[in-house]
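Enquirer: Compute the structure for the input listed below.
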Amino acid sequence: QVHLVESGGGLVQTGESLRLSCAATGIISNDYAVGWFRQAPGKEREFVARVRWGIGSTYYGDFVKGRFTIPRDNAKNMVYLQMNSLKAEDTAIYYCAATNRWYTTDPRDYNSWGQGTQVTVSS
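Expert: Residues are numbered from 1 along each chain as shown. I've put the predicted structure just below:
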């Protein structure tokens, strides 16, 4: 069973950077993907980025526009979300999640979720 734990959230100023970490255990297939989602108050959960566990291919939400990356370290079972040039609208709870459908960005296809970590960007 996949188990995910996020860390690294906090309060930052507009334009600053933040790196979130996701400890992912129990992934046994290279066709799994680990993704990051976010949810702001009153809004639906939004896809941010995903990385295919085996080959490391990545895919990003349209709003990212080169500001975020999703590196991973398979040896340490870690996936990160490096966020640069943060904006106030990036404020949300960020979740990492896993799916055995590596190609999907639909949160309904992700069946393992972490508890979330709050990111607040102050202007």
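Enquirer: Could you find the closest non-adjacent residue to A23?
Expert: Leaving aside its chain neighbours, A23 sits nearest to V5 (4.6 Å; criterion: CB to CB, 6 or more residues apart in numbering). Every residue, glycine included, has its C-beta placed from N, CA and C.
Enquirer: correct me, but P107 touches A97?
Expert: Yes: with contact defined as CB atoms under 8 Å, P107 reaches A97; the gap is 7.0 Å.
Enquirer: Just list the residues touching the residue lying closest to N111 once chain neighbours are set aside, thanks.
Expert: Distances taken as CB to CB, 6+ apart place T99 nearest to N111, at 6.5 Å, with adjacent residues excluded. Contact partners of T99, counting by CB atoms under 8 Å, 6 or more residues apart in numbering, are Y32, A33, G35, D109, Y110, N111, S112.
Enquirer: can you rerun that using 6 Å?
Expert: Neighbour list for T99: A33, D109, Y110 [criterion: CB atoms under 6 Å, 6 or more residues apart in numbering].
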